[in-house]
Structure formats: structure tokens, C-alpha cells
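Peer 1: Pasted the sequence and its predicted model underneath.
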Amino acid sequence: MIAELLAAERARFLDEHPRSVAMARAAAAVWRGGAPMHWMNDWASPLPIFAAQGVGAQVTDVDGKLYDDFCLGDTPAMFGHGDASVAAAVADQARRGAGFMLPTASAVIVGKLLAERFGLPLWQAATTASDANRAAIRWARAVTQRPVILVFDGCYHGMVEDAFVVLDAGVATMKPGLLGQVHDLTATTRVVPFNDLDALEAALAPGDVAAVLAEPVMTNCGMILPERGFHEALRRLTRAVGTLLILDETHTISTGPGGYTKAYGLEPDVFVLGKAVAGGVPAAVWGVTAELSARMDEAQARIGPGQSGIGTTLSGAALAMAAMRAMLSDVMTDAAYASMLAGAQRLVAGLEGVIAARVLPWSVVQVGARVELVFASNPPKNADAMRKVLDHAAVEALHLWLINRGVLIAPFHNMMLVSPVTDDAAIDRLVAAVDGFAAVMRDA
């Protein structure tokens, strides 16, 4: 049934998107894989949708079709496309110079805003969260003089090679499909199941782990919530053995103005944030405690002068700082989050209503403005359990069904994001589209 549904929906897509079809053919001649970035081919559509513009929480494609956007660039546009404050700040800075490899006045303001919002006093800028995570790992190893990083099975932290290790039948192995990796990452990366405190304690016990790198909530293997007491134990166990804690809030910034960390009183040594912080302008930041900063100075003194290998010339550029200043001052407000959270609650209620009415073995997971539809009655507590219920064909069918009905969600599993400019009608259209898909699947 799913194969027949997919065939019909693919034919409908191709018929309704002649300009995207033509542009995809033209792009294939100049872009390897047919798109500037291969992830652009990861949508369920038979070829990429070519976007024309985004306004608020909607996107229009080159065929003139309008979509309610619950992907929002997979987070960079979490507060809506084309925000006037960010657009004005970026345009003004671009006229005065995009970057100088010198700080600007906005950098001082951005630093103060970050410290006030997230609680860590000292910050550095990066171009992406991948860069920020890499820098945090390098510093953790330098400070602790330990070689090992610990991650959770199913994690994703950008292009950080150290995080490309998973559990296969309980054995650590490099992720399938990992290209060009010549060193065995399992030699210096330890991996344990999320929510498994016994495994975590055992992995930390040798005393050679420099840092644990984690999302407060796992968001890239389906959304997996921490069990009660998990984060308190994680912090206690890491401190007991002198291991640093790096929290990557690139996705969980959806929780609230201060991220999951502020909302739940977490105490990381390093806080990483990318994507949304500059409203789509490539930028990320990472903050550290005063204690860790002092240890970083000591580590630098031990090593002596020379190139650290950390940072790029685009990191902390004037354009990024202007965008971050606008985002932190004018866009990522308490009022914006209140609107997002109310919309997410409406979405959760709608999806749970569909599940109940259709008597489906599905469930819904929420992290602030981020919502996940899980094809399982009980949300899994670790990646191994999530993999067992992740029906890739059903996910693809749902995504293409939604695309053909004017709704975009993140192309990776069933993750949906509500922005402060997402209106109730758009949420209701998403719920109705999911209900239509559920009806077809029930009748199959």
C-alpha cells in the first residue's frame, strides 16, 4: 500500500512542479548531486523544491505554490523568514562591511546579551555549531589532558567526527556511510545509550574522558526525552570524575528564551548554540564558565604560542554580530516564545486528537516549540528503541503527502517546529493533512 501511495504522490508532485523539475535538471549539470548541498536532496519529494521566497512561516516555490513551513530551515528560521529587524541589521552592516577580522561595537553588546540570557559569563563565536562543538572538544582535551570524548548513541552534533560513533548490538562502531575517515574513532570516542546511567557511570569510570558532548534532549534520532533525574545524575557523575559537560542547544533552544539549560536549571561547563542565533546568517556561539576559562588560559600557557587550529576568519564577523544583536535584542523575546509554545501546544493537542480518533499506535513528543510525531505508542527512551520503530517508508510517505498538500516539516524523521508567526490556521491545516494521511493508512 505504501509503495502505491508513494508512486501516486510522486506523480502528483512532478505534475504540479514543472519549474522545479526544469531547474533540477539544470542544477544537475552544475551542482554535484543536483543541489548546492546534498541535504537538499533528502526531502521526500522526487526532486528538490526550488524556493522563491519565505515570508513569516510560509514559503513560496518557483511554481507559485505556497507552503506552511514547519521545517523553518531545520531551525535557522525558527522565528520566521525575513524578519524585519534582522533584515535591516544585516543590510545596514553589509553596506558598512561584512567583516574586518576586527571586533565591532555589536560584539560587546552580543556578549553581554548572551551572558545575561544563558548564564555563562564568557563567549566565543564560530561560523557553525559544528565549528563550535569542535572547538569545545579541543579545549576540553587540552584542559583535562585526557583523550576520550563521550557521546550518546544516536546523537548528531554537525560535522564533528568525534560524534560519528554509534552502538551496533551494544558494540561501539563508526557510523555506517562515514566517508573518508582514516582513523578509528572508537579509540577516542566512547558511546552509551541515552538515559542509561549505569552505562554512563561505567564509561566515565576509567577517568580518561575529557568531556561528555550531549543535547539536553536528543533531536536527531527522533526526539528522545531525558528521564526524570537523568540530567542531575549526568552532572553529578561528570563532576565526580573531573569530566567536562558540553551541552549542544542548537535544537533545544526551542524550549525557551534561555534554552533547555535555563528552563531546567542545568549547569554545563560549555554551552553551544548555532543556527537560530543569527536568524539564518551562518553563525554560532559557545560559552564557558569562569572556572573553565581560567583553565583554558593555563592550558594555553602550557602549550605556548603558535597556531591553535581553532577558529576561522569568518567566525565572529561583523555581519554575523549584527544579525545576532538583532535576534537577541528584538526577535528571541519572551513574547515570541510564549506565542511559539502556545502554538506548539495547539499542534500537540491536534495530533493527539488524530491519534485518539483514529486509534493509532502513534505518540507525540514535545520540546518547547519543537514537536515530533512518533510511529510508536510509547515514545522510545534511547536510539536503539527508536530505530526499531522508525518506519522509513511510512515517514517518506507522510512527508510527501504533506508536501503535496502545502505543508513542509523537517525532512529528517517527523520533526515539526512552530514559530511565533505561525498562525492557528496553519497548525490546523497541518493537523488536517496528518489526519488525511492517517485515514488512508487505516483504510489500507
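Peer 2: Right, received. Where do you want to start?

Peer 1: okay, now the closest residue to residue 242 other than its chain neighbours: neighbour count?
Peer 2: Nearest residue to residue 242 in three dimensions, chain neighbours excluded: residue 144, at 6.6 Å (Cβ to Cβ, 6 or more residues apart in numbering). Heads up, the C-betas are built off the backbone N, CA and C, glycines and all. By other Cβ atoms under 10 Å, 19 other residues sit near residue 144.

Peer 1: Quick check: residue 144 touching residue 243?
Peer 2: Yes: using Cβ atoms under 8 Å as the test, residue 144 is close enough to residue 243 to be in contact (7.4 Å).

Peer 1: Overlap in contacts, the two.
Peer 2: Jointly contacting residue 144 and residue 243 under the rule Cβ atoms under 8 Å, 6 or more residues apart in numbering are 210, 211.

Peer 1: and the residue most central in space within the chain, how far is that from residue 113?
Peer 2: By Cα atoms, centre = their mean, the chain has its centre lying nearest to residue 251, at 3.7 Å. Relative to residue 113, residue 251 is positioned 21 Å away (Cβ to Cβ, to the nearest Å).

Peer 1: For whichever strand or helix holds residue 319, the averaged confidence score.
Peer 2: Assigned by DSSP states H and E, residue 319 belongs to helix 318-326. For helix 318-326, mean pLDDT is 98.

Peer 1: Same question for stretch 126-138.
Peer 2: Stretch 126-138 comes out at a mean pLDDT of 97.

Peer 1: hang on, the earlier thing: got the confidence number for the closest residue to the residue nearest to the centre of the chain other than its chain neighbours?
Peer 2: Excluding the flanking residues, the one nearest residue 251 by Cβ to Cβ, 6+ apart is residue 219, at 4.1 Å. Here, the pLDDT recorded for residue 219 equals 96.

Peer 1: my guess is residue 278 contacts residue 316, does it?
Peer 2: No: if you go by Cβ under 8 Å, residue 278 and residue 316 don't touch, sitting 11.1 Å apart.

Peer 1: More neighbours: which of these two?
Peer 2: Set residue 278 next to residue 316 and count neighbours by other Cβ under 10 Å: residue 278 wins out with 29 against 24.

Peer 1: Distance-wise, check that one relative to residue 118.
Peer 2: Remark: distance between residue 278 and residue 118 (Cβ to Cβ) = 15 Å.

Peer 1: In terms of helices and strands, where is residue 211?
Peer 2: strand 209-214.

Peer 1: Next, the residues that contact that strand from outside, please.
Peer 2: By Cβ under 8 Å, 6+ apart, strand 209-214 touches 133, 136-137, 140-141, 143-144, 146-152, 155, 157, 160, 162-163, 190, 200, 203-204, 234, 238, 241, 243-248, 269-270.

Peer 1: What subset of these is buried?
Peer 2: Buried members of those, scored by 16 or more other Cβ atoms under 10 Å, are 133, 136-137, 140-141, 143-144, 146, 148-152, 155, 157, 160, 162-163, 190, 200, 203-204, 234, 238, 243-248, 269-270.

Peer 1: In strands, which of those residues fall?
Peer 2: Applying DSSP state E to those, the entries found in strands are 148, 149, 150, 151, 152, 190, 244, 245, 246, 247, 248, 270.

Peer 1: Might you report the residue contacts of the last one?
Peer 2: I take that to be residue 270. Applying Cβ under 8 Å, 6+ apart, we find residue 270 in contact with 120, 136, 139-140, 211, 244-247, 286-288, 292.

Peer 1: ok, of those, which one's closest to residue 365?
Peer 2: residue 247 (19.0 Å; Cβ to Cβ).

Peer 1: Give me the nearest residue to the closest one, chain neighbours excluded.
Peer 2: Counting by Cβ to Cβ, 6+ apart, the residue nearest residue 247 is residue 268, at 4.0 Å.

Peer 1: For the one you found, give me the backbone phi and psi.
Peer 2: phi -70, psi 160 (degrees, to the nearest 10).

Peer 1: List the contacts of it.
Peer 2: So residue 268 contacts 120, 245, 246, 247, 261 (Cβ under 8 Å, 6+ apart).

Peer 1: Might you report the residue contacts of the fourth one?
Peer 2: Residue 247 sits next to 214, 215, 216, 260, 261, 266, 268, 270, 271, 272 when contact means Cβ under 8 Å, 6+ apart.

Peer 1: Distance check, it against residue 377.
Peer 2: Distance from residue 247 to residue 377, by Cβ to Cβ: 30 Å.

Peer 1: Residues in contact with stretch 69-82: which ones?
Peer 2: 53-59, 250-251, 253-254, 275-276, 278-280, 327, 331-332, 336, 369, 407-412, 416-422, 426, 430.

Peer 1: how about it: buried residues?
Peer 2: Within stretch 69-82, the residues that count as buried by 16+ other Cβ under 10 Å are 69-81.

Peer 1: buried sites along the helix of greatest length in the chain?
Peer 2: Longest helix of the chain, by residue count under DSSP state H: helix 334-358. Using 16+ other Cβ under 10 Å as the test for burial, helix 334-358 gives 336-337, 339-341, 343-344, 346-348, 350-351, 354-355.

Peer 1: Can you show me the strands along the stretch 251-400 of the chain?
Peer 2: Along the stretch 251-400 of the chain, counting by DSSP state E, counting those that start in this stretch, strands occupy 270-273, 284-288, 363-367, 370-374.

Peer 1: of all those, which lies closest to residue 7?
Peer 2: Comparing those by Cβ to Cβ, strand 370-374 comes nearest, at 23.1 Å.

Peer 1: residues making contact with the helix or strand encompassing residue 7?
Peer 2: In the assignment (DSSP H and E), residue 7 maps to helix 2-16. Helix 2-16 is touched from outside by 21, 45-47, 63, 65, 393-394, 396-397, 400-401, 403-404, 440, 444, with contacts defined as Cβ under 8 Å, 6+ apart.
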